[in-house]
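**Student:** this one's sequence-less:
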């Protein structure tokens, strides 16, 4: 029953993130660049959920984004699925207790998602290659996601450990042996 409530909460969080992404951050952008809140959410789900939870949520949310706002189906799906998988790798190798570690994870995940998305758009849609413009957009988005991660970290950590205790149990010693 608790897992169903957690999944409903994650779905409602995803809907709220979509509303914020589409409405709120359209008004509050920096040089026309908005943060990518979905990368932060999928990273959060992958870090604190079960082994496959981040990838599954990433694939489903990416597919829905591709169907609603994408030009080609599969670009966001592949990117967010990869971020979900990357989050499980981060969970095994790094601590979630440090704010600095979470900030580095967010920067790496955002950079990987944007570079992959840019490359897939180049291959499938044949967009023009503008490296300087891409680097400028990437730097602004990395900064924006980093600031939002710093602000949201206490809430993410509190809810995340609740999810982790429910899905993974309290296996602190077995994690290291």
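**Tutor:** Here it is on my side, so go on. This is a predicted model, so every value here is computed, not measured.

**Student:** how about low-confidence regions in this protein?
**Tutor:** 170-177 (pLDDT under 70).

**Student:** tell me, what residue is most central in it?
**Tutor:** With distances taken as C-alpha atoms, centre = their mean, the residue of the chain nearest its centroid is residue 39 (2.0 Å).

**Student:** Remind me which helix or strand that residue belongs to.
**Tutor:** helix 37-48 (DSSP states H and E).

**Student:** on contacts alone, who are the packing partners of that helix?
**Tutor:** helix 2-19, helix 53-69, helix 75-93, helix 99-125, helix 131-167 (3 or more C-beta pairs under 8 Å, 6 or more residues apart in numbering; DSSP states H and E). C-betas here are computed from N, CA, C, even on glycine.

**Student:** quick check: angle from the third one to helix 37-48?
**Tutor:** Angle between the axes of helix 75-93 and helix 37-48 is 30 degrees (criterion: axes from the mean of the first three to the mean of the last three C-alpha atoms, to 10 degrees).

**Student:** what angle separates helix 75-93 from helix 53-69?
**Tutor:** 160 degrees.

**Student:** Could you check how far helix 75-93 is from the centre of its chain?
**Tutor:** Here helix 75-93 is found 8 Å from its chain centre; the criterion is C-alpha atoms, centre = their mean, to the nearest Å.

**Student:** Mind listing what's buried along that helix?
**Tutor:** Buried residues in helix 75-93, counted by 16 or more other C-beta atoms under 10 Å: 75-88, 90-91.

**Student:** Show me what that helix is in contact with.
**Tutor:** Residues outside helix 75-93 that contact it (C-beta atoms under 8 Å, 6 or more residues apart in numbering): 38-39, 42-48, 51-59, 61-63, 65-66, 70, 105, 108-109, 112-113, 116-117, 120-121, 124.

**Student:** Of the residues you listed, grab the buried ones for ChimeraX.
**Tutor:** Burial among the contacts of helix 75-93 is assessed by 16+ other C-beta under 10 Å; the matching ChimeraX selection reads:
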select :38,39,42,43,44,45,46,47,48,53,54,55,57,58,59,61,62,63,65,66,70,105,109,113,116,117,120
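
**Student:** if I pick residue 96, what's in contact with it?
**Tutor:** Per C-beta under 8 Å, 6+ apart, neighbours of residue 96: 47, 48, 102, 157, 160.

**Student:** about what we covered before: and the helices and strands packed on helix 37-48: which comes nearest residue 26?
**Tutor:** helix 2-19 (10.9 Å; C-beta to C-beta).

**Student:** Let me know the angle separating that closest one from helix 37-48.
**Tutor:** Using the same axes, to 10 degrees, helix 2-19 lies at 160 degrees relative to helix 37-48.

**Student:** Nice, that's everything, thank you.
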